[in-house]
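Colleague: Build me a model:
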Amino acid sequence: MRNTPAQAGFHMPAEWEKHEGTWLQWPHDDTHEGSQMRLEHVWLAMTEALHQHEVVHIVVPDERRQDHVYQQEEARLGGVLPLVVEYGAAVIGLAMDDDGISPTAEKRLAVARKIVERAESLGIPREDLVVDCLVLTVGGDSRAGLVTLEAIQMVREELGVNMTLGASNVSFGLPEREVVNWAFLTLAIQNGVNCPIVDAAKVRPAILATDLLLGRDNYGMRYIKAYTKRVKR
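Modeller: Predicted coordinates:
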């Protein structure tokens with residue numbers, strides 16, 4: 001990503017505000033003379049830590065540094081997947097590259113395809129892969145939710161892997177966020193998400209209702225059982 005947040009149409013939130021992601025300026029000789037290589041390892045560690053909770057955009061000032069960041073990201077992918085093989089673990093792959101989250105479903109599919117191909121080349125079965133197609137707030141882009149849903153459907157149809165999603169991101173900055181979240185979560189599940197990142201206590205009824213409507217709950221037994229349990233409390 002070469003644009004700053006302001007150039008990309010974002011504003012700097014206050015410390016207490018929820019936010020879509022974090023921007024990091026990749027270290028370069030102009031401002032970090034003599035310590036660039038050491039700082040790059042720190043930047044990678046920061047990115048990995050932040051990625052567990054939010055999207056991270058890396059601002060790269062020139063082509064030379066952008067090429068190096070790409071190499072670093074390739075090296076990081078090559079470093080993570082062998083660990084998955086060694087420990088027999090599952091792994092989450094984010095459908096984003098060095099330019100950030102693509103505005104098109106096709107590009108997110110391409111990133112997911114690359115992750116799956118690299119994983120399978122190391123013997124990692126698809127059932128151990130979880131793809132996150134990522135969603136941004138519709139408050140900033142009215143097509144953000146639709147693009148993510150299209151990407152989810154494409155990944156399901158072509159790759160058939162498990163998918164996760166931080167569904168509540170879609171409603172950031174809007175009133176009555178829970179209403180938007182529930183509606184979006186229902187659509188995401190219908191399109192292929194099967195392990196969403198949600199507050200289970202709040203959205204479980206919506207998930208159960210979705211499964212019921214999609215024919216995944218015979219005679220509505222799970223839905224009825226959950227309702228009965230809530231009423232008795």
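Colleague: Pull up the gap between residue 81 and residue 185, please.
Modeller: 29 Å (C-beta to C-beta, to the nearest Å). For glycine as for every other residue, the C-beta is placed from the backbone atoms N, C-alpha and C.
Colleague: Enumerate every residue touching residue 173.
Modeller: Neighbour list for residue 173: 137, 139-140 [criterion: C-beta atoms under 8 Å, 6 or more residues apart in numbering].
Colleague: Can you say which of those are buried?
Modeller: Neighbour-count burial (16 or more other C-beta atoms under 10 Å) is assigned, among the contacts of residue 173, to 137, 139.
Colleague: Can you pull out the low-pLDDT segments for the protein?
Modeller: The chain contains residues with pLDDT under 70 at 1-20, 26-41, 43-45, 48, 51-54, 57-78.
Colleague: In it, which residue is most central in space?
Modeller: residue 134 (3.6 Å; C-alpha atoms, centre = their mean).
Colleague: Can you give me the neighbour number for the closest residue to that residue other than its chain neighbours?
Modeller: In space, and not counting its chain neighbours, residue 134 is closest to residue 101: 5.1 Å by C-beta to C-beta, 6 or more residues apart in numbering. Residue 101 is flanked by 24 other residues according to other C-beta atoms under 10 Å.
Colleague: which residues does residue 101 contact?
Modeller: 55, 95, 108, 134, 136.
Colleague: Compare the residues you listed and tell me which is most surrounded.
Modeller: Counting neighbours by other C-beta under 10 Å, residue 108 comes out on top of these with 27 neighbours.
Colleague: from what I can see that residue touches residue 99, true?
Modeller: No. Contact criterion C-beta atoms under 8 Å: residue 108 and residue 99 do not qualify, at 11.6 Å.
Colleague: Show me what the host helix or strand of residue 207 is in contact with.
Modeller: Assigning secondary structure by DSSP states H and E places residue 207 in helix 200-213. Outside of helix 200-213, the residues within contact range by C-beta under 8 Å, 6+ apart are 167, 178, 181-182, 185-186, 189-190, 196, 198, 217, 220, 222-223, 226-227, 230.
Colleague: Just the buried ones from these, in ChimeraX syntax?
Modeller: Selection command for ChimeraX covering only the buried members of those, criterion 16+ other C-beta under 10 Å:
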select :167,181,182,185,186,189,196,198,217,223,226
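Colleague: In helices, which of the contacts of helix 200-213 fall?
Modeller: 178, 181-182, 185-186, 189-190, 222-223, 226-227, 230 (DSSP state H).
Colleague: Of the residues you listed, which pair is most distant in space?
Modeller: Farthest pair in the ones in helices among the contacts of helix 200-213 (C-beta to C-beta) is 190 and 230. Separation: 23.7 Å.
Colleague: What are the boundaries of the strands in this protein?
Modeller: 21-25, 55-59, 91-94, 129-132, 162-164 (DSSP state E).
Colleague: What is the burial count for residue 112?
Modeller: Neighbour tally, residue 112, other C-beta under 10 Å: 26.
Colleague: ditto for residue 105
Modeller: 20.
Colleague: ok, now how distant is it from residue 154?
Modeller: 6 Å.
Colleague: now residue 230
Modeller: 36 Å.
Colleague: do the same with residue 89
Modeller: Using C-beta to C-beta, we find residue 89 at a distance of 26 Å from residue 154.
Colleague: Right, I'll leave it there.
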